[in-house]
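1. After the sequence you'll find the predicted model.
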Amino acid sequence: MRPPVGSLLVRDIGLLVTNRPELGSGALGVLEDVDLVVENGTVVWIGGAGTSPAADEVLDAAGRCVVPGFVDSHTHLVFAGDRVEEFTARMAGTRYDAGGISATVAATRSASSSVLMAMAAKLKREAEAQGTTTLETKSGYGLTVQDESRCLEVAETIAEEVTYLGAHVVAPEFRGREEEYVALVTGPMLEACAPKARWCDVFCEQGAFGPDAAREILKAGRAHGLGLRVHANQLSHGPGVQLAVEMGAASADHCTHLDGADVDALAGSDTVATLLPGAEFSTRSPYPDARRLLDSGVAVALATDCNPGTSYTTSMPFVIALAVREMHMTPDEALFAATAGGARALHRDDLGALVPGSRGDLVVLDAPTAAHLAYRPGVDLVAAVVRAGRLLG
């Protein structure tokens with residue numbers, strides 16, 4: 001991202017979502033009829049419309065709603081090919097399992113780095129056009145030292161938050177030899193990849209990695225200075241969520257199949273439950289019980305899980321609409337989870353809010369309220385996107 005320069009005035013904001021309830025009305029801390037100033041990338045002033053200090057540039061919100069930029073804290077943007085045939089088969093009744101990942105691994109290994117870069121950059125532009133101002137993305141479709149390393153080199157160029165996912169599944173050539181592959185993931189592969197990543201992730205699931213192997217991988221990642229994330233409880237009930245809490249992971253992602261002990265563990269921890277309803281939409285699986293998690297006091301984030309197999313979308317507004325319709329979240333809860341929740345899942349206190357001191361990431365909606373994101377699903381309501389005080393697009 002280019003260094004921020006100068007100041008930007010966003011004037012005539014009809015409704016401003018601050019995500020700080022103490023600053024305004026309701027759970028989202030909504031302010032009415034205000035202006036906002038970003039200087040050198042940071043929000044420095046919010047006040048009554050028409051009372052702002054001068055700025056180098058002006059963006060007229062024209063009475064519309066302004067929300068924090070979306071924080072998409074779980075994506076898989078570095079890959080080649082697609083899996084439309086797999087999707088079509090699922091829509092005809094074939095059950096999803098983790099095996100389809102190997103098809104993307106083969107395509108990714110055979111693609112040049114320039115092809116991977118072009119695809120990832122295209123997906124990033126899609127996400128930005130729909131209001132995403134911060135992306136996390138992972139490796140995980142290379143599964144060799146060389147391919148995981150070059151996938152992370154691509155990831156570094158498109159995402160602020162980069163995750164090493166050598167433990168996506170056991171590489172095809174190691175099938176039946178999981179211990180050897182875990183040794184590779186925690187040894188030479190980690191040595192090559194850790195300098196390019198902030199996070200270490202593991203798919204703890206039947207068909208991927210069991211709890212003992214996943215724990216070993218997470219411990220190795222932590223020993224190399226990486227924060228921890230876990231793909232947990234997506235396909236069935238399993239040990240992933242409990243492992244994420246045990247290891248102090250920043251997030252347990254998917255959380256589709258939980259029992260009471262899992263919910264209690266999350267509620268008593270700092271681990272965020274990152275829900276990915278695009279995956280349930282694309283696999284015709286049960287949706288996570290967001291209502292139960294929220295009512296139990298669990299911190300919840302929403303993310304796209306953009307990937308070619310199970311959630312080929314870059315649209316956070318679509319995810320918000322799914323969360324409201326299918327997971328019984330209120331529009332306010334869904335927006336908070338897609339902004340402040342994602343920021344918490346990434347341990348970022350500079351994102352997900354619009355208050356003095358936060359980064360100047362915002363979306364001007366072509367709508368009078370943020371609830372329109374769920375009320376008008378499938379409609380492009382993004383009028384302007386600003387990241388660190390710079391207008392995108």
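-> That came in fine, so what should we check first?

2. contacting residues around residue 248?
-> The contact partners of residue 248, by CB atoms under 8 Å, 6 or more residues apart in numbering, come to 228, 269, 270, 271. Just so you know, the C-beta spots here come from the backbone N, C-alpha and C atoms, and that holds for glycine as well.

3. Give me the secondary structure label for the second one.
-> Look at residue 269: counting by DSSP: H, G, I helix; E, B strand; the rest coil, its state is coil.

4. And it, how close does it get to residue 41?
-> Look at residue 269 and residue 41: by CB to CB, to the nearest Å, they are 32 Å apart.

5. quick one on the thing from earlier: if burial is judged by neighbour count, which of the contacts of residue 248 pass?
-> 228, 269, 271 (16 or more other CB atoms under 10 Å).

6. how about TSV for these, with pLDDT added?
-> Formatted as TSV, the buried ones among the contacts of residue 248 follow (pLDDT from 0 to 100):
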residue	pLDDT
228	98
269	98
271	98
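
7. circling back to that earlier point, any chance of the contacts of residue 248 in CSV, with distance to residue 369 too?
-> Shown next, in CSV, are the contacts of residue 248 (distance: CB to CB, whole Å):
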residue, distance to residue 369
228, 37
269, 33
270, 31
271, 31
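
8. of those residues, closest to residue 37?
-> Among the contacts of residue 248, residue 270 lies closest to residue 37 (CB to CB), at 32.9 Å.

9. Setting the sequence-adjacent residues aside, check what's closest to the closest one.
-> Among residues not flanking residue 270 along the chain, residue 248 sits closest, at 7.2 Å (CB to CB, 6 or more residues apart in numbering).

10. three-state assignment of the one you found?
-> Quick answer, by three-state DSSP: residue 248 is coil.

11. Ok, the one 4 residues further on next?
-> For residue 252, the secondary structure call by three-state DSSP comes out as strand.

12. May I ask which helix or strand of the protein has the lowest mean pLDDT?
-> Within the chain, confidence by mean pLDDT, DSSP states H and E is lowest for helix 84-91 among all helices and strands, at a mean of 90.

13. Can you show me the CA trace of that helix as PDB?
-> Extracted in PDB, the C-alpha atoms of helix 84-91 (Å, rounded to 0.1, in the frame of the first residue of the first chain):
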ATOM      1  CA  VAL A  84     -16.900 -25.300 -11.500                       C
ATOM      2  CA  GLU A  85     -17.500 -29.000 -12.300                       C
ATOM      3  CA  GLU A  86     -17.200 -29.800  -8.600                       C
ATOM      4  CA  PHE A  87     -19.700 -27.100  -7.800                       C
ATOM      5  CA  THR A  88     -22.100 -28.300 -10.500                       C
ATOM      6  CA  ALA A  89     -21.900 -31.800  -9.100                       C
ATOM      7  CA  ARG A  90     -22.600 -30.600  -5.600                       C
ATOM      8  CA  MET A  91     -25.700 -28.800  -6.800                       C
END
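
14. Show me what counts as buried in that helix.
-> 86, 87, 90.

15. what comes into contact with the helix or strand just after it?
-> Per DSSP states H and E, the first helix or strand lying C-terminal to helix 84-91 is helix 101-110. For helix 101-110, the surrounding residues in contact (CB under 8 Å, 6+ apart) are 78-81, 83, 86, 116, 140-144, 147, 151, 168-169, 171-172, 307-309.

16. do that again at 7 Å, thanks
-> 79-81, 83, 116, 141-143, 147, 168-169, 172, 308-309 (CB atoms under 7 Å, 6 or more residues apart in numbering).

17. Make CSV from those and add distance to residue 200 and secondary structure to it.
-> As requested, the contacts of helix 101-110 are exported to CSV (distance: CB to CB, whole Å; DSSP: H, G, I helix; E, B strand; the rest coil):
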residue, distance to residue 200, secondary structure
79, 19, coil
80, 23, coil
81, 25, coil
83, 25, coil
116, 21, helix
141, 16, coil
142, 15, coil
143, 15, coil
147, 17, helix
168, 12, coil
169, 16, coil
172, 22, helix
308, 22, coil
309, 22, coil
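
18. Narrow the residues you listed to just the buried residues.
-> Using 16+ other CB under 10 Å, the buried members of the contacts of helix 101-110 are 79-81, 83, 116, 141-143, 147, 168-169, 308-309.

19. Contacts only, for the nearest residue to residue 275 once chain neighbours are set aside.
-> Nearest non-adjacent residue to residue 275, counting by CB to CB, 6+ apart: residue 288, 4.8 Å away. By CB under 7 Å, 6+ apart, the residues touching residue 288 are 255, 256, 275, 327.
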